[in-house]
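*Asks:* Here is a sequence with its predicted model. Questions after.
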Amino acid sequence: MAKRKKASLSSKIQVLTECGYRCAVPTCRNILALDLHHIIEVSEGGGDGPDNLIALCPTCHALFHRGEISRESIKIWKGMLITLNRAFDQDAIGTLLFLSEYGSTSWGSGDTRKLLLSPDAVFGQRRLIVADLVDYWKPSPQRDGYLLCLTPKGDVVAESWKNGAKESLAEALSGK
């Protein structure tokens with residue numbers, strides 16, 4: 001049986017940076033305490049490098065070990081963090097998850113679940129907009145700011161990521 005070694009400082013920093021110093025579970029994102037979790041256990045041949053580590057808060061770590069979070073979900077969350085970090089910054093990732101939780105995917109006048117941003121703040125979300133995950137709209141010439149909401153594609157990506165649904169995530173990202 002392989003013996004667990006202490007992860008190197010550079011591996012720890014890489015994994016913590018990858019998740020924005022937050023729990024990697026997209027429905028949690030706790031910042032108070034983080035454990036490094038082996039995706040493939042060392043006893044099963046998993047290594048101590050950053051590719052096999054993910055940051056989890058103690059609660060989510062315990063949920064995994066109790067079988068309430070699947071290894072497949074952990075792998076999907078890790079893959080999404082790597083993918084999103086290459087395309088977006090932590091602010092954009094936070095915006096995507098925030099809009100998924102509190103936002104809307106429509107511009108209906110009665111729906112108030114949209115984020116009102118200044119033009120500069122909208123520009124800061126340009127990568128999400130270009131990726132067709134988020135849309136913006138100026139509600140009226142008199143109103144100072146733009147409304148931001150998820151696109152249907154953004155909604156599917158965020159929900160698939162949160163639920164660890166590999167197939168629907170792949171479908172949404174491929175544009176099919």
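*Replies:* That came through fine.
*Asks:* going forward, measure contacts and count neighbours with C-alpha atoms only.
*Replies:* Fine.
*Asks:* Where does the prediction get shaky in the chain?
*Replies:* Low-confidence segments of the chain (pLDDT under 70): 1-4, 104-114, 175-176.
*Asks:* Repeat the analysis, applying 80 as the threshold.
*Replies:* 1-6, 103-116, 139-144, 166, 169-170, 172-176 (pLDDT under 80).
*Asks:* Where do the domain boundaries of it fall?
*Replies:* Here the domain assignment for the chain is 9-87, 91-154, based on automatic domain parsing.
*Asks:* The longest one: end-to-end distance?
*Replies:* As for domain 9-87, its first-to-last residue distance stands at 25 Å under the measure Cα to Cα, to the nearest Å.
*Asks:* all strands of this protein, in order?
*Replies:* All strands of the chain, identified by DSSP state E, fall at 35-38, 53-56, 115-117, 134-137, 146-150.
*Asks:* Please identify which of the domains of the chain is closest to residue 163.
*Replies:* domain 9-87 (7.4 Å; Cα to Cα).
*Asks:* and residue 166, which of the domains of the chain is closest to it?
*Replies:* Nearest to residue 166, of all those, is domain 9-87, at 6.7 Å by Cα to Cα.
*Asks:* just to revisit the earlier point, out of the strands of the chain, deepest packed?
*Replies:* Each of the strands of the chain was scored by mean neighbour count; the highest is strand 53-56, a mean of 27, by mean count of other Cα atoms under 10 Å.
*Asks:* what packs against that strand?
*Replies:* Judged by 3 or more Cα pairs under 8 Å, 6 or more residues apart in numbering; DSSP states H and E, the packing partners of strand 53-56 are helix 9-18, strand 35-38.
*Asks:* ok so, going back, any chance of the strands of the chain in TSV, plus distance to residue 26?
*Replies:* Shown next, in TSV, are these (distance: least, Cα to Cα, whole Å):
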stretch	distance to residue 26
strand 35-38	16
strand 53-56	10
strand 115-117	20
strand 134-137	18
strand 146-150	16
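*Asks:* follow-up on the earlier one: out of the helices and strands packed on strand 53-56, deepest packed?
*Replies:* Among the helices and strands packed on strand 53-56, highest average neighbours (mean count of other Cα under 10 Å) belong to strand 35-38, with a mean of 19.
*Asks:* Tell me which strands that one pairs with, and in which orientation.
*Replies:* strand 53-56 (antiparallel) (DSSP bridges).
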